[in-house]
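Student: Can you look at this prediction? I've put the sequence above it.
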Amino acid sequence: MKNKKLLLLGGSVCLLFSLFFGCGERAGEKEYNKALASVKNGDWARAQGQLEKAIRKLSDSEKRSVANNQLGIILWKLDKPELSIEAFSESCRLSEDLTGANLNLAIALFHTGQLEQSEFEFTKILSEQADHTTAHSFMSLIQMQKNDWKGASKEITTGLRTNPNNPAGQNALALTELHLNKNSDAAIKRLTQLTTAYPDYAPAAFNLAVIYDQWLGNKKSASRWFYEYLSKADGDSAQIATAKQAIARLEGTNTPTTTQPSARTYPDAAARFITEGSKLHAAKKYDAAVKQYEKAIKADPSKKTGYYNLGLSYYALKKYPDAAQACTHALKIDPRFADARYMLALAYGQQGKWSDAEREAQMLRQLDSGRGDTLLKYISKTRK
């Protein structure tokens, strides 16, 4: 094949929050502790404002360094890469020994395409920690971008000596072996083993899809692995768009749809995501629960409970239009799903759409007369 570049090499900013401050209430520490609580609840936007306020009040350089590092992580989560890099850089300036910020800075630079600066930061880390597996993994990725496959192989092999099971390292090693030895079988074997050992590690699935597509011309296997990647991937990255475009091309359709034949759904993965989302919802971490339910829907769009539970979390967040939409999806799958009908009526009521709410309550009455009657009485009383 002419184009044999693998597009997803793996790695992400490290989301590590250290409890550096304890429980003190000195200047800035109250806001810092509030920010940690917001992070725990998945409220990244609030955490950003609280950390910025804490940084303005903190006088200790080391504490300001820690806070800036964590601010950088939050900004990255909020899709503000340039501001994130500024925060990581400030953290490094305030404390050169804070290797966590150095690593986050290097990774952020890599993901924004600033390879020279990224390589410089990783080189600094390796000068102090020669066996740093993550740094070696990313250095190998940088060499891959330069098509220096021998250099990439050397970096990743060095890094895997201390941590042979590192998923990013094994992923990168598969790619270097592929390009050096022109042996797709060995790369497929390594990446398949990686997906088994680390089921949620999305880059391995993406690279398997690209190998089947661009190296072997196996449309069926390529499409399967692109779907597998989409069931695991999070956010809205360029790789997600690439995977969707590839599926459309491979299947000869204009736009890949989320509802595919059952052979391409992943019910076990969906069940895991729904279970995790339910735990988060019970803990009142509704934003985090929403993300898990969205993953469940990606993995298996036919699961009505994925949409219904998503509606519950949106309702708890007072996002009533979103709650109504999620419950409507659940009812498209199962029109006799009484719980979804009940929540849909409540969501319409919260928006003041009383005619819609009454219609859904009447339909609920046919499925569950007790709850239907109760809901109709509530609507009649409240709409006045």
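Tutor: Yep, that arrived.
Student: Export the helix or strand harbouring residue 239 to PDB, keeping only CA atoms.
Tutor: Per DSSP states H and E, residue 239 falls inside helix 238-251. Extracted C-alpha coordinates of helix 238-251, given in PDB (Å, rounded to 0.1, in the frame of the first residue of the first chain):
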ATOM      1  CA  ALA A 238      -9.200  14.000  15.100                       C
ATOM      2  CA  GLN A 239      -8.700  10.300  15.300                       C
ATOM      3  CA  ILE A 240     -12.400   9.800  16.100                       C
ATOM      4  CA  ALA A 241     -13.300  11.700  12.900                       C
ATOM      5  CA  THR A 242     -10.700   9.700  11.000                       C
ATOM      6  CA  ALA A 243     -12.200   6.400  12.200                       C
ATOM      7  CA  LYS A 244     -15.800   7.500  11.200                       C
ATOM      8  CA  GLN A 245     -14.600   8.600   7.800                       C
ATOM      9  CA  ALA A 246     -12.700   5.300   7.300                       C
ATOM     10  CA  ILE A 247     -15.900   3.300   8.200                       C
ATOM     11  CA  ALA A 248     -17.900   5.400   5.700                       C
ATOM     12  CA  ARG A 249     -15.300   4.700   3.000                       C
ATOM     13  CA  LEU A 250     -14.900   1.000   3.800                       C
ATOM     14  CA  GLU A 251     -18.700   0.400   3.900                       C
END
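Student: Please spell out which residues along it are buried.
Tutor: Residues of helix 238-251 classed as buried by neighbour count (16 or more other CB atoms under 10 Å): 239-240, 242-244, 246-247, 250. No exception for glycine: its C-beta is placed from N, CA and C like everyone else's.
Student: where are the low-confidence patches of the stretch 151-300 of the chain?
Tutor: In the predicted model of the stretch 151-300 of the chain, residues 234-238, 253-265 satisfy pLDDT under 70.
Student: I'd guessed residue 298 sits against residue 231; true?
Tutor: Yes. Using CB atoms under 8 Å as the test, residue 298 is close enough to residue 231 to be in contact (5.2 Å).
Student: can you map out the strands along the chain?
Tutor: With DSSP state E, there are no strands along the chain.
Student: ok so, going back, just the buried residues of helix 238-251 now: which is nearest residue 81?
Tutor: Within these, the smallest distance to residue 81 is 15.5 Å, found for residue 239 (CB to CB).
Student: Isn't the closest one up against residue 226?
Tutor: No. Judged on CB under 8 Å, residue 239 makes no contact with residue 226 at a distance of 10.2 Å.
Student: joint contacts of these two?
Tutor: Common contact partners of residue 239 and residue 226 (CB atoms under 8 Å, 6 or more residues apart in numbering): residue 206.
Student: Next up, the contacts around residue 316.
Tutor: Residue 316 touches 281, 284, 286, counting by CB under 8 Å, 6+ apart.
Student: Now do it against residue 130, distance only.
Tutor: According to CB to CB, to the nearest Å, residue 316 and residue 130 sit 49 Å apart.
Student: same check, this time on residue 41
Tutor: In terms of CB to CB, residue 41 sits 39 Å off from residue 130.
Student: Count the neighbours of residue 364 for me.
Tutor: Neighbourhood size, residue 364 [other CB atoms under 10 Å]: 25.
Student: Going forward, count from 32.
Tutor: From this message on, residue numbering opens at 32, which makes the last subject residue 395.
Student: ok, it - contacts?
Tutor: 369, 372-373, 376, 402-403, 406.
Student: How about residue 183?
Tutor: 171-172, 174-175, 203, 206-207.
Student: What sits closest to it if chain neighbours are left out?
Tutor: residue 174 (3.8 Å; CB to CB, 6 or more residues apart in numbering).
Student: Would you mind confirming that that neighbour is in contact with residue 188?
Tutor: No. In this structure, residue 174 is not within contact of residue 188 by CB under 8 Å, at 11.9 Å.
Student: Low-confidence stretches in the stretch 32-181 of the chain?
Tutor: Ranges of the stretch 32-181 of the chain meeting pLDDT under 70: 32-58, 127-130.
Student: how about a cut-off of 90?
Tutor: Applying pLDDT under 90 to the stretch 32-181 of the chain picks out residues 32-78, 88-94, 97, 104-113, 125-132, 138-146, 156, 159-181.
Student: And the helices in it, which stretches?
Tutor: 60-71, 75-88, 92-108, 112-125, 130-142, 146-159, 164-176, 180-191 (DSSP state H, counting those that start in this stretch).
Student: Out of those, the one nearest residue 356 is which?
Tutor: Here helix 75-88 is closest among the helices of the stretch 32-181 of the chain (CB to CB), at 22.0 Å.
Student: buried residues in that closest one?
Tutor: In helix 75-88, counting by 16+ other CB under 10 Å, buried: 75, 77-79, 81-86.
Student: Could you name the helices and strands sitting against that helix?
Tutor: With contacts defined as 3 or more CB pairs under 8 Å, 6 or more residues apart in numbering; DSSP states H and E, helix 75-88 has these neighbours: helix 60-71, helix 92-108.
Student: Show me which positions of stretch 167-183 end up buried.
Tutor: 167-175, 180, 182-183.
Student: swap in stretch 336-354?
Tutor: Those would be 336-346, 350-351, 353-354, for stretch 336-354 by 16+ other CB under 10 Å.
Student: farthest pair in those?
Tutor: 336 and 351 (20.1 Å).
Student: Could you dump the buried residues of helix 75-88 into JSON lines and include distance to residue 227?
Tutor: Below are these laid out as JSON lines (distance: CB to CB, whole Å):
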{"residue": "75", "distance to residue 227": "32"}
{"residue": "77", "distance to residue 227": "39"}
{"residue": "78", "distance to residue 227": "35"}
{"residue": "79", "distance to residue 227": "38"}
{"residue": "81", "distance to residue 227": "41"}
{"residue": "82", "distance to residue 227": "39"}
{"residue": "83", "distance to residue 227": "43"}
{"residue": "84", "distance to residue 227": "46"}
{"residue": "85", "distance to residue 227": "43"}
{"residue": "86", "distance to residue 227": "43"}
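Student: Cool, thanks, signing off.
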